[in-house]
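> Provided below are the primary sequence and the corresponding predicted coordinates.
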Amino acid sequence: MNRKITLLGGGSWGTALAKLLSENGHQVTVWLRDENQCIELNRERVNKKYLPKIQIPDNIIFTSNINGAVKDAEMLLIVTPTQKIRSVLKQIDTEHKKDKIIINASKGIEIGTLCLVSDIVKEETTDCTFAVLSGPSHAEEVGLSLPTAITVACDDKKISEKIQDTFMSSYFRVYTNEDVIGAELGGALKNIIALGAGISDGIGYGDNAKAALINRGIVEIARLGIAMGADVHTFYGLTGIGDLIVTCTSKHSRNYNAGNLIGQGLKKDEAIKKIGMVVEGIPTTYAAYELSKKLDVDMPIVGAMYDVLENDADVKETVNKLMLRDKKDEKML
Ligand SMILES: NC(=O)c1ccc[n+]([C@@H]2O[C@H](COP(=O)([O-])OP(=O)(O)OC[C@H]3O[C@@H](n4cnc5c(N)ncnc54)[C@H](O)[C@@H]3O)[C@@H](O)[C@H]2O)c1
Ligand SMILES: O=P(O)(O)OC[C@H](O)CO
């Protein structure tokens, strides 16, 4: 079935998903803030800044008129940096953000409020159904139609099946799940561990250290998830360990690469500038650190990342402190 879908944001992930949805036969509009960028994309059909190797199908419309873009859309797909989602939704007139299916493909937690994107959407829209699309999925590979498996989580099974049908293609396999909080947290928190994995490689530690980070990382993620009402099984899935593996090991990963630069001695702002795309793991570290304190959840890797990012703690000393914490039994949770 042909659906009207509007993307809020058109960086690397937005561009890859817009292409996929257009190939699936849907009417796709992409809203961007910058009118000049819309003119260029409508003409050139290549997103030179964010995803230069991908040809954008001719029938995708780029516009900077947000109300025009969303008013007739059945589904809105959020792909802007998490810290900007609230301000983007605020720009839409109330009558146009009612009774929609809102799918979030961004991965983060709002600093200050500690809101998940589902909370932001609940606060800023009316009577919308929220879903999250998450899993191991780099835009650079989806854009090239390389095989990818992902999950759509929604507490309304009929809606998640509708979204599954909308996105599913020969190279994009979509699973459904009802655990929205688990899917949101897995996607947001893996970025912190990816920064850590990048730092570890950047300072010259080996594969053992990275494997330890990945494994102890998913334990921490699940611990916070359980405290926030998620289903522990979700963290074994695509939105949990699946995404954590890809983000800690892929050459495409923005968070891993930013961490790698920090490990080589760059300041976090220099690393962000060099990456040139959103590095969600940095604000999410601050939010997760606050959440761990608020909910009294033990998250030593998040605490270490907070020390490095906020207090400029020496990385090797921080790792030493992690290694020499109190002796423990290996408990999964
Ligand atoms: N790139 C990927 O492979 C990938 C895959 C899965 C999920 N994600 C998630 O998708 C989200 C977007 O990531 P991305 O890689 O596409 O980022 P990006 O940096 O490539 O693009 C971000 C987009 O948001 C826009 N933007 C920035 N600030 C804005 C603002 N204040 N108002 C409106 N628009 C604004 C930019 O112009 C750009 O279009 C992130 O949360 C990321 O974690 C990315
Ligand atoms: O690996 P990153 O940091 O580029 O994040 C992109 C996606 O979330 C990977 O699934």
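Nice, I can see it. Ligands and ions are numbered 1, 2, ... in the order given.
> I'd guessed residue 85 sits against residue 118; true?
No - Residue 85 is beyond contact range of residue 118, at 10.8 Å (criterion: C-beta atoms under 8 Å). No exception for glycine: its C-beta is placed from N, CA and C like everyone else's.
> so the two - more neighbours on which side?
Neighbours were counted for residue 85 and for residue 118 using other C-beta atoms under 10 Å; residue 85 has more, 23 against 19.
> contact residues of the stretch 151-300 of the chain facing ligand 2?
The stretch 151-300 of the chain comes close to ligand 2 at residues 191, 194, 243, 246, 247, 252, 253, 254, 255, as judged by C-beta under 6 Å from any ligand atom.
> now, of those residues, which are buried?
Among those, those buried by neighbour count (16 or more other C-beta atoms under 10 Å) are 191, 194, 243, 246, 247, 253, 254, 255.
> and for the closest residue to ligand 1 within the chain, the neighbour number?
Ligand 1 sits closest to residue 11 of the chain, with a gap of 1.6 Å, by C-beta to the nearest ligand atom. Number of residues near residue 11 (other C-beta under 10 Å) recorded here: 19.
> do the same with residue 325
For residue 325, the count of nearby residues is 9 (other C-beta under 10 Å).
> go on, residue 69?
Around residue 69 sit 22 other residues, with neighbours defined as other C-beta under 10 Å.
> how is this structure carved up into domains?
4-178, 181-323 (automatic domain parsing).
> any idea how far apart the tips of stretch 28-48 sit?
19 Å (C-alpha to C-alpha, to the nearest Å).
> not counting its own residues, what contacts that stretch?
Taking contacts as C-beta atoms under 8 Å, 6 or more residues apart in numbering, the residues outside stretch 28-48 that touch it are 4-12, 14-15, 18, 21-22, 52, 54-66, 69-70, 73.
> can you give me the helices in the stretch 201-333 of the chain?
For the stretch 201-333 of the chain, helices defined by DSSP state H, counting those that start in this stretch occupy the ranges 207-227, 243-249, 254-263, 268-275, 281-295, 300-311, 315-323.
> residue 145 is nearest to which of the ones you listed?
helix 243-249 (17.0 Å; C-beta to C-beta).
> stretch 138-145: how far from the chain's middle?
Stretch 138-145 sits 15 Å away from the centroid of its parent chain (C-alpha atoms, centre = their mean, to the nearest Å).
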